[in-house]
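Peer 1: Fold the following, please.
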Amino acid sequence: MGDASDVVARRALGPISSPVAASEVEAPHPERRARNLDRDEGLSTAKLTVNALTAWFDDQQVLTDIAMEIPAEGVTAVIGPSGCGKSTFIRILNRMFEMKRGARLEGRITLDGEDIYARDVDPVQLRRRVGMVFQRPNPFPAMSVRDNVLAGLRLTGKVRQVKGGDGALERLVRQSLESAALWDDVKSRLDAPGGQLSSGQQQRLCIARAIAMEPEVLLMDEPCSALDPMATARIEDLIHALKARYTIVIVTHNIQQAARVSDRTAFFLQGELVEYGPTDRLFTAPRDPRTEDYVTGKFG
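Peer 2: Residues are numbered from 1 along each chain as shown. Sure thing, here's the model as predicted:
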């Protein structure tokens, strides 16, 4: 392995004993094709299962025959160079993909064994179960911090289902902000506009808004790319705290961040899933030379 991968491993994964070069790794079984999927390395019950997924925007194919299982709870990172299809992939997981003109797909994606693209599945209700945090913080800038937290519930009509009236809503706001590690920063200014918060606080507010919907899965599309290092560290600490309660899928262009926060990592390249497995193994003993080239900084 090259120097960059050694740095990642030392910082995030602790001591390493005898990293294995790609040339020394046994060739993958033919049934795994080039994707090197780890089906025997401690994968728990799958929360999301993707089978034979291929996607297009009009005539442009953006994903090819993706197959992977995302376990319940824990953090799965999706890495790869720009344009590899990683952001498209996670948007497929909560059906935001289909909102773009010309989008179409083949294959099957299940959540707890249920096909999320079945005709009787309401995409709005699916997005309540599978929340999304975007690359740039997107709170409603003129809306108060309190109302930002409750915005998703109001937009979906679920706020009326919260039993206990205003007191219950206030508790929900506090619980969501505490879960997003933001309560201490904003408890004295819940009526202030969300747009007045710092960028890092705005991103945590967006996470609190997603948490208020009581999702089962949190998708994060490069949530730290617009943040400074201190704000990034707060978000990474938050991801560690949340992974015991939620299934988290994070897209990141930062391979060091993937090593720090994730339990499993998927490497995408040109719309294909090249390799997927436990993060420590993928970074220290990748089974595909393309993975080694990417994590050691030879391209990307």
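
Peer 1: burial of residue 215, as a residue count?
Peer 2: Residues near residue 215, counting by other C-beta atoms under 10 Å, number 20. Every residue, glycine included, has its C-beta placed from N, CA and C.

Peer 1: Show me what the closest residue to it other than its chain neighbours bridges to in the sheet.
Peer 2: Nearest residue to residue 215, sequence neighbours excluded (C-beta to C-beta, 6 or more residues apart in numbering): residue 131, at 3.9 Å. Under the criterion DSSP bridges, residue 131 forms beta bridges with residue 218.

Peer 1: Let me know the pLDDT of residue 172.
Peer 2: For residue 172, the model assigns a pLDDT of 94.

Peer 1: pretty sure it is touching residue 154, no?
Peer 2: No - using C-beta atoms under 8 Å, residue 172 makes no contact with residue 154, being 12.0 Å away.

Peer 1: Strands of the stretch 151-300 of the chain, start to end?
Peer 2: Along the stretch 151-300 of the chain, counting by DSSP state E, counting those that start in this stretch, strands occupy 217-221, 247-251, 264-269, 272-278.

Peer 1: so how far is the last one off the chain centroid?
Peer 2: Looking back up the chat, that one is strand 272-278. Averaging C-alpha positions (C-alpha atoms, centre = their mean, to the nearest Å) puts strand 272-278 15 Å from its chain's average.

Peer 1: what do you get for the first one?
Peer 2: Shown here is strand 217-221, whose average C-alpha point lies 4 Å from the average C-alpha point of the whole chain (C-alpha atoms, centre = their mean).

Peer 1: List the contacts of that strand.
Peer 2: For strand 217-221, contacts defined as C-beta atoms under 8 Å, 6 or more residues apart in numbering pick out 47-48, 87, 90-91, 93-94, 111, 129-135, 207, 210-211, 239, 242, 246-251.

Peer 1: Report the rounded mean pLDDT for stretch 244-251.
Peer 2: In the prediction, stretch 244-251 has an average pLDDT of 96.

Peer 1: who touches the residue nearest to residue 215 in this structure?
Peer 2: Neighbour list for residue 131: 94, 210-211, 213, 215, 217-219 [criterion: C-beta under 8 Å, 6+ apart].

Peer 1: One more: residue 102?
Peer 2: Neighbours of residue 102 in contact, by C-beta under 8 Å, 6+ apart: 56-58.

Peer 1: The same query, at a cut-off of 6 Å, please.
Peer 2: With contacts defined as C-beta atoms under 6 Å, 6 or more residues apart in numbering, residue 102 is in contact with 57-58.
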